[in-house]
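Novice: sharing a model that was predicted from the sequence below.
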Amino acid sequence: MSEEKKSNKNSISELDKIKYIQKKIHETTLKCMDNYILLRDKIPLIQAALALVFMDYRNSVFTSVKMPFRYKSSQSMQKNISKEFEENIKRLPANCSYEDIDKMVEETILEISKDFFGATFVIHNQNDVKNYCDESDDPYVKKLFKQYSCVESYLDESDKMEHLPSNEKSQMKSKKIDIADTFIDGNETSTEKAPKQINLFDVEDIHTYRDYNTKLIELLTLLTNCSMPCQDSSDGKIHKYAVSQMDIPYLKLVEEASTYNPKNKDEWIEILTKLAHEAYFKPLRPFDVQLEEALSKNEELSSSPLFHAELNEKDRIHYINHLTFLRDNLAAISKDRLLNYILKSEMPRILDSLSDQPGLSVEVIDSTEKLKENGFYAQYYIIKINGIAILELQAQSEYRSDLAKDGNAAHNSIPGKSFDIRHLFKLNPKTTHPFDDKQLDFYCDFLETVNLNDIYEYKVPKEDLPKLKILQELVEYASSKIKVVNYVKYDNSKKSKRVKFYDYINSTLDYFGAEFGSIAPAHRIEHNQALVVPQNKMYALENILKNRVGFSVLANLIRVKYKEKTSKQGKELLPNDVARAYSGPLMEYDLPRINKDLKNAISAFKPLKKLKFKPMGSRTRKYKRKPAKTKNTKSTKQDFSR
């Protein structure tokens, strides 16, 4: 019996523990890399299973859905190995045995490998799920549908009111909307004093702080009721967290900035950037906490003259912008709880039914639900297909999926996941001083907060066209002050090597870029068919360049240059693979060929060559070599220790 096995039942010395853990980390890293490489040959099998999930859900709920997927980037895979080991090693008991370490390593392999291939099942927010809710026997579905219907009725009536003539609008101000159906979470502290009946909302009907606070309470009551309870709060309490995309209403900010009377374009940019950061680039407090504060303020200040005093124009515009932002948030979130609950009800059944297909076996290894303070929400299912392929499947409403791309919950905003693009820009010496780094940041800060869609908006009311023109001119001006570099430095040292911009982006995509694709209806003659569509390099680049506002004007400057360079080199940004159709139930041409390919791929697969492992603390070996012989001298043995 080996020394390791003899001491299995006894406590391990600290040095032996370190050596054994290091050895296991080495072996596990190689195994994870093997799995990462082998997964390429399993992807057709995974895509077939995902296509069936897609078709089953679309048919069962009578609605449209989408399913984006990605093959993990090598950089993300490497970071995952480091992160999981660091976390799991800390959980080992002080007097751990070899069995404890072995168990930890097995769990770590699963944690690392489970999302090498990941897919997100997304249900569109605009889908009509009334038939599903009417036919459902689940009382909670009925309750959620009533809540949604009540909020939609309020929003529809408010929209109608805003477009009425002044005389008709004044008659509707006294109309009350019953919102009792939105209170579905019991008697929470924040909603005990909240109104059960509220007035219709009119953004222009804000003249005093009392008007603003009254509308604020009404909107926060609905937002608190519509938000999902989050138990993963830093203060240990259950909260209704503010969730919002970083959809900065720049045309409204232009209107607000004009009240500061900016003298030139640089002052415009400075004010707009400050307003954007102050209002939107900060953690948003839970809706229930905001509601409690608004209710308290209403009680404290109700007798104060300032509470009823006329607002100045600057404050009035600021309050209108805030209320409009909250109302837009309410419109986006009104169906969120209902859609995510439908997903939670249907996904286990659909995953279980996959095994009924010929040649397909699906096992749910683990499932969990996550709701974070930043607004991120997803249901996770770790599944194993045919005992071979392990993947992570998420389920989300469209709104939560968008939050993972934009806003406080943006994936690219998470430390370690973001990709800094500032080093790819420099000042344009033709228009400004080329050595002022603060000036470079000044223009980049502005362009980074403007979503590309904001300056190409095609549905703008006539009254907003002057504001859009101002924004477009400011973006054009700021863009002219900077330019994308032709060469990128490796580091900031004097002897730093440079690489061409095009080559740098390609290397970045190879390392940082995941490989994306999506599953969509095939629109063929067959009534039930899905199409697996791979995405090209440009799609991967856009995902890397996204920030909290989505795809910014600053990011677009990089995309434009990369596209130009690609065209000059005569290359086309085509997908890596052709689209493939799958039928449900699976037909003869779907799985047998894939299974055969998989069998051949697995039998031909050779694991990575095991490298010699030398644990920390072991004695250093001495390597010897013979000096070169010459015609006139005899060889002499010498030791060359390394």
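Specialist: Thanks, I have it. None of these values were measured; they are calculated from a predicted model.

Novice: low-confidence ranges, the stretch 451-600 of the chain, go.
Specialist: The model of the stretch 451-600 of the chain has pLDDT under 70 over residues 457-458, 491-496, 523-527, 569-576, 584-600.

Novice: mind redoing it with 90?
Specialist: Within the stretch 451-600 of the chain, the stretches with pLDDT under 90 are 451, 453-465, 489-498, 507-515, 519-540, 543-544, 546-551, 563-600.

Novice: do a quick rundown of the strands in it.
Specialist: 482-484, 487-489, 498-500, 515-521, 529-534, 580-583 (DSSP state E, counting those that start in this stretch).

Novice: how many other residues sit next to the nearest residue to residue 71 once chain neighbours are set aside?
Specialist: For residue 71, ignoring the flanking residues on the chain, the nearest one in space by Cβ to Cβ, 6 or more residues apart in numbering is residue 515 at 4.1 Å. Backbone N, C-alpha and C define where each C-beta goes, glycine included. Applying other Cβ atoms under 10 Å, we find 22 residues neighbouring residue 515.

Novice: do residue 536 as well
Specialist: Residues near residue 536, counting by other Cβ under 10 Å, number 14.

Novice: got the phi and psi for it?
Specialist: The phi and psi values for residue 536, taken as degrees, to the nearest 10, are phi -90, psi -180.

Novice: quickly note the distance from it to residue 453.
Specialist: To residue 453, residue 536 is 21 Å away according to Cβ to Cβ, to the nearest Å.

Novice: wait, what's in contact with residue 144?
Specialist: Contacts for residue 144 (Cβ atoms under 8 Å, 6 or more residues apart in numbering) come out as 133, 184, 337, 338, 341.

Novice: and it, how far is that from residue 362?
Specialist: Applying Cβ to Cβ, the value for residue 144 to residue 362 is 28 Å.

Novice: now swap in residue 438 and tell me
Specialist: Distance, residue 438 to residue 362, using Cβ to Cβ: 56 Å.

Novice: these two: which is more packed in?
Specialist: In this view residue 438 and residue 362 are compared by other Cβ under 10 Å, and residue 362 has more residues nearby, 21 against 6.

Novice: residue 383 is in contact with the more buried one, correct?
Specialist: Yes: contact criterion Cβ atoms under 8 Å: residue 362 and residue 383 qualify, at 5.7 Å.

Novice: where do the contact lists of those two overlap?
Specialist: Jointly contacting residue 362 and residue 383 under the rule Cβ under 8 Å, 6+ apart are 49, 351.

Novice: rewinding a little: may I see the strands of the stretch 451-600 of the chain organised as TSV, with distance to residue 165 added?
Specialist: Converted to TSV, those look like this (distance: least, Cβ to Cβ, whole Å):
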stretch	distance to residue 165
strand 482-484	48
strand 487-489	59
strand 498-500	62
strand 515-521	45
strand 529-534	49
strand 580-583	54
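
Novice: which residue ranges of the protein form strands?
Specialist: Using DSSP state E, the strands found in the chain span residues 65-71, 117-123, 176-178, 197-199, 362-371, 377-385, 389-397, 425-427, 482-484, 487-489, 498-500, 515-521, 529-534, 580-583.

Novice: and the ones you listed as TSV, adding distance to residue 235?
Specialist: Below are these laid out as TSV (distance: least, Cβ to Cβ, whole Å):
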stretch	distance to residue 235
strand 65-71	34
strand 117-123	30
strand 176-178	33
strand 197-199	29
strand 362-371	15
strand 377-385	19
strand 389-397	26
strand 425-427	40
strand 482-484	42
strand 487-489	44
strand 498-500	47
strand 515-521	37
strand 529-534	44
strand 580-583	47
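
Novice: how about the ones you listed, which one is nearest residue 260?
Specialist: strand 482-484 (24.4 Å; Cβ to Cβ).

Novice: out of the contacts of residue 144, who's the most crowded?
Specialist: Within the contacts of residue 144, most neighbours by other Cβ under 10 Å means residue 338, with 24 neighbours.

Novice: ok, for that one, nearest residue in space, not its chain neighbours?
Specialist: Nearest residue to residue 338 in three dimensions, chain neighbours excluded: residue 144, at 4.2 Å (Cβ to Cβ, 6+ apart).

Novice: any idea how far residue 445 is from the one you found?
Specialist: Distance from residue 144 to residue 445, by Cβ to Cβ: 41 Å.

Novice: same check on residue 151?
Specialist: Taking Cβ to Cβ as the measure, residue 151 falls 36 Å from residue 445.

Novice: just want to know which of the two has more residues nearby.
Specialist: Counted by other Cβ under 10 Å, residue 151 and residue 445 do not tie: residue 151 has more neighbours, with 23 against 18.

Novice: which residue packs closest to that one, ignoring adjacent ones?
Specialist: The shortest distance from residue 151 to any non-neighbouring residue, by Cβ to Cβ, 6+ apart, is to residue 334 (4.3 Å).

Novice: how about the contacts of residue 144, which pair is most distant?
Specialist: 133 and 184 (14.0 Å).

Novice: dump the residue contacts of residue 277.
Specialist: residue 449.

Novice: model confidence for the residue sitting nearest the centre point of the chain, exactly?
Specialist: Closest residue to the average C-alpha location of the chain: residue 404 at 2.4 Å, with Cα atoms, centre = their mean. Residue 404 carries a pLDDT value of 86.

Novice: isn't it up against residue 376?
Specialist: Yes: contact criterion Cβ under 8 Å: residue 404 and residue 376 qualify, at 6.0 Å.

Novice: can you list residues touching both of the two?
Specialist: Shared contacts of residue 404 and residue 376 (Cβ under 8 Å, 6+ apart): none.

Novice: start to end distance for stretch 225-236?
Specialist: Terminal residues of stretch 225-236 lie 20 Å apart, using Cα to Cα, to the nearest Å.

Novice: run a quick neighbour tally on residue 349.
Specialist: Neighbours of residue 349 (other Cβ under 10 Å): 11.

Novice: check residue 196 too.
Specialist: 12.

Novice: report how many residues lie close to the closest residue to it other than its chain neighbours.
Specialist: Leaving aside its sequence neighbours, residue 196 sits nearest to residue 180 (Cβ to Cβ, 6+ apart; 5.2 Å). By other Cβ under 10 Å, 9 other residues sit near residue 180.

Novice: residue 238 versus residue 180, what's the distance?
Specialist: Counting by Cβ to Cβ - residue 180 and residue 238 are separated by 22 Å.

Novice: residue 468 is nearest to which of the strands of the chain?
Specialist: Of the strands of the chain, nearest to residue 468 by Cβ to Cβ is strand 482-484, at 22.3 Å.
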